[in-house]
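Q: Sequence plus the predicted model coming up.
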Amino acid sequence: MASFPTHAQTAETDVDVELVLAVDASRSMEPFEQKIQREGYIAAFRRKDVIDAIRDGVHGRVAITYVEWAGSTLQRTIVPWTLVDGAESAEKFAAALDQPIPSTQSRTSISGAIDFSSTLFDNNGFKGMRKVIDVSGDGANNNGRPVAEARDQALAKGITVNGLPLMTRGDFYSDWAVKDLDVYYSNCVIGGPGAFMIPVNTWDQFPEAVRRKLVLELAGITPPIQRADWTQQGNLPVILAQDKLMYDCLSGERIWQRRMQDWESR
């Protein structure tokens, strides 16, 4: 990746948005699921409507970095900060993503992903009108500090946190999962001006969810409120941060502790 242009220069480059794509690489993600995630983003950056969303901005350019995460100290930058301003640079970003997928790691720390991503905006060579962390994952926080604390600290820095909850877990991991991961994300993960999430129920929905999410994020469009149970045929619901219910944001930690206690008692 050393030869890939990052534009991390002393003078800051004005962009419409600085976007961190923080993607789950924890052990619950099977290799084929990791592959679907990568291919979904690769395909999205080759879509005309995504490129048009970038070009139609005030500056007509954005800065993007792609990060994979697992436990609280397990984050890796797959593609560093990159200026994307049209079809050619979008293709270079897509090509940089098209590389062998590293092995998965244990635990799920959304708080660690947010904390790590928040530091990436410092001295990155860009000055965005918006700063966004986009978190995708298939489970609740069960490692590191409470996720709501990390989210609130990011919001205090002027960062918006969006989400892509993946409600695609198989039976093997069902005992570790929180119910209604979309509700968990709505209450505990996303936040900030215009924050939203798009829940994914099956892997065949993932490419469209990524495409739609990127268009909204890159264009700075605040989508209309849609409830989780409202689904027009062919559409995925977009749920805003203010569409909240009362929810236990430590539910992931409680499930982990209970499962560990069950395991130790055997």
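A: Cool, got the structure. Worth saying up front: this structure is predicted, and the values here are computed from it rather than measured.
Q: Which residue ranges of the stretch 151-266 of the chain form helices?
A: Taking DSSP state H, counting those that start in this stretch as the test, the helices found in the stretch 151-266 of the chain are 181-184, 206-219, 251-264.
Q: What is the first one packed up against?
A: In this case it means helix 181-184. The criterion is 3 or more C-beta pairs under 8 Å, 6 or more residues apart in numbering; DSSP states H and E, and the helices and strands that helix 181-184 contacts are strand 159-165. Bear in mind the C-beta positions are built from the backbone N, C-alpha and C, glycine included.
Q: Show me what the mean pLDDT comes to for the strand it packs on.
A: Computed over strand 159-165, the mean pLDDT rounds to 95.
Q: Next, the angle from it to helix 206-219.
A: Between the axes of strand 159-165 and helix 206-219, defined by axes from the mean of the first three to the mean of the last three C-alpha atoms, to 10 degrees, the angle is 170 degrees.
Q: helices or strands next to strand 159-165 in the packing?
A: strand 126-137, helix 147-156, helix 181-184, strand 196-197, helix 206-219.
Q: Need the ones you listed in JSON lines (columns: mean pLDDT).
A: Supplementary listing: the helices and strands packed on strand 159-165 in JSON lines, determined by pLDDT from 0 to 100:
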{"stretch": "strand 126-137", "mean pLDDT": "96"}
{"stretch": "helix 147-156", "mean pLDDT": "96"}
{"stretch": "helix 181-184", "mean pLDDT": "89"}
{"stretch": "strand 196-197", "mean pLDDT": "92"}
{"stretch": "helix 206-219", "mean pLDDT": "92"}
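Q: out of these, nearest to residue 76?
A: In this view, the helices and strands packed on strand 159-165 are compared for proximity to residue 76 by C-beta to C-beta, and strand 126-137 is the closest at 15.1 Å.
Q: and the gap between residue 76 and residue 112?
A: Counting by C-beta to C-beta, to the nearest Å, the gap between residue 76 and residue 112 amounts to 12 Å.
Q: likewise residue 21?
A: In terms of C-beta to C-beta, residue 21 sits 16 Å off from residue 112.
Q: got it, and residue 160?
A: Residue 160 sits 19 Å away from residue 112, going by C-beta to C-beta.
Q: hmm, back to that, so which of the helices and strands packed on strand 159-165 comes closest to residue 56?
A: Of all the helices and strands packed on strand 159-165, the one in closest proximity to residue 56, counting by C-beta to C-beta, is helix 206-219 (6.3 Å).
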